[in-house]
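J.: show me how the following folds:
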Amino acid sequence: MKLGLQLGYWGAQPPQGVGELVAAAEEAGFDAIFTAEAWGSDAFTPLAWWGRETSRVRLGTSIVQMSGRTPTSIAMHALTLDHLTGGRVILGMGVSGPQVVEGWYGQPFAKPLARTREVVDIVRKVLAREAPVTNDGPHYPLPYSGPGSVGLGKPLKPIVHPLRADLPIWLGAEGPKNVAQTAEIADGWIPIFYTPRTAGMYQPWLDEGFARPGARRTREDFEIAATCHLQVVADAAEKQAVLDALKPVIALYMGGMGAKEQNFHKNVFERMGYAAITDQVQELFLAGKREEATALIPTELADEMHIVGTAGEVKERVAQWAETGVTTLLLSSRSAEEIRQVAELLA
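T.: Below is the predicted model of the structure:
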């Protein structure tokens, strides 16, 4: 199992010390560096900025929000960065949720699975550069001929010859149908809140996708990149403090990321067996009572989602994640020293 550094997306200000983290990850033998986006910083620019100092690690997005750019624009970003990095890009994409898609990007959220399939198909056509790119699908028709069209759209091929037609595309997916489609059409899967205990829930969904006619990959060459926080602690008291510090983020995703009527992250926690608290956490969080919502997050959930413990416990937990089929563990980290410590421990 490979290690990746998850830089995530920015808070109110650009994070400090990221260059040191990236340099440490490259030095320590990490396989990849990933960035993310929500409705603030974008995923591509930080990857290009900090990635320019690297020469070996793969550079991935986890995830690019499909509604934020047209499919051909996404492909342009990917092929440009792939050239600049000598073929090290992993294009991770996802549909986000209706609050962000319709509230921030001003795009319709309906039919997320069909939209995903169209986006992946168009991106692959751009990267293949075999013919001018067209698409007959209803979501991203190329050329466009709908309302407001002047009727002069022309199918085009990218001016730049892409470095790799097979640039890997990984998809963020949460529900059964989306995970199955990901196994069918993508090169990898970026799950959210994946844990060894719940890994079995996903296996039939993945198997369904692999079994579909024309599936792109098999389980043997399909990548699964799971994100967690990994930290070595001295004792139980320090472990509890670390887990407590992780609970506010869990409360945010369970209660505040998405609309009350539709929160895909909340649905994942319910599938994980925490339905008894999800409604109450959401109610408190949306009412502005974030501390009360956080107080409801069980320590065992934080412990299940992350790898926190003594050196021996961490090694044992990492092995459990690897046994479930995870090929890359995407880790958040606070310092270069922590990155070196993790790499040495798991070497």
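J.: low-confidence regions, this protein specifically.
T.: 258-259 (pLDDT under 70).
J.: run through the residues that contact the most centrally placed residue in the chain.
T.: The structure's the chain has its C-alpha centroid closest to Ser62; by C-alpha atoms, centre = their mean the separation is 3.2 Å. For Ser62, the contact set (C-beta atoms under 8 Å, 6 or more residues apart in numbering) comprises 6, 34-36, 43, 92, 170, 172, 190, 225, 227, 330. Any C-beta I mention is one placed from the backbone N, CA and C, and that applies to glycine too.
J.: and it, how far from Arg88?
T.: According to C-beta to C-beta, to the nearest Å, Ser62 stands 15 Å off from Arg88.
J.: likewise for Val150?
T.: The value you get for Val150 to Arg88, if C-beta to C-beta is used, is 40 Å.
J.: these two - which one has more neighbours?
T.: Arg88 (21 against 7; other C-beta atoms under 10 Å).
J.: that one touches Arg52, doesn't it?
T.: No: when contacts are counted by C-beta atoms under 8 Å, Arg88 is not listed as touching Arg52 (11.5 Å).
J.: show me the strands in the stretch 151-300 of the chain, by range?
T.: Remark: strands assigned in the stretch 151-300 of the chain by DSSP state E, counting those that start in this stretch are 169-172, 188-190, 223-232.
J.: out of these, nearest to Gln203?
T.: strand 223-232 (11.0 Å; C-beta to C-beta).
J.: give me the contact list for the closest one.
T.: 4, 6, 34, 60, 62, 92, 168, 170, 187-192, 194, 242, 246, 305-311, 314, 318, 321, 325-333, 338, 341-342, 345.
J.: 6 Å instead, please
T.: 6, 188-191, 194, 242, 306-308, 311, 314, 325-328, 330-332, 342 (C-beta atoms under 6 Å, 6 or more residues apart in numbering).
J.: pairing partners for it, with directions?
T.: Strand pairing for strand 223-232, using DSSP bridges, gives strand 188-190 (parallel), strand 307-309 (parallel), strand 328-332 (parallel).
J.: please save the CA atoms from it in CSV.
T.: The C-alpha trace of strand 223-232 is given here as CSV (Å, rounded to 0.1, in the frame of the first residue of the first chain):
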residue,chain,number,x,y,z
GLU,A,223,-6.8,1.8,-7.3
ILE,A,224,-8.6,2.7,-4.0
ALA,A,225,-7.3,5.8,-2.3
ALA,A,226,-8.7,6.2,1.2
THR,A,227,-8.2,9.4,3.3
CYS,A,228,-7.6,9.4,7.0
HIS,A,229,-5.5,11.2,9.7
LEU,A,230,-2.6,9.1,10.9
GLN,A,231,-0.8,10.1,14.1
VAL,A,232,1.5,8.3,16.4
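J.: so where do the helices sit in this structure?
T.: 18-28, 44-51, 71-84, 98-103, 112-128, 176-185, 199-210, 236-251, 264-269, 275-286, 290-295, 299-305, 311-323, 336-346 (DSSP state H).
J.: in CSV, list the ones you listed along with distance to Pro155 and mean neighbour count.
T.: Compiled in CSV, the helices of the chain are given as follows (distance: least, C-beta to C-beta, whole Å; neighbours: other C-beta atoms under 10 Å):
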stretch, distance to Pro155, mean neighbour count
helix 18-28, 39, 18
helix 44-51, 25, 19
helix 71-84, 11, 20
helix 98-103, 27, 17
helix 112-128, 10, 20
helix 176-185, 22, 21
helix 199-210, 30, 16
helix 236-251, 44, 16
helix 264-269, 35, 20
helix 275-286, 46, 17
helix 290-295, 50, 17
helix 299-305, 46, 18
helix 311-323, 45, 15
helix 336-346, 46, 17
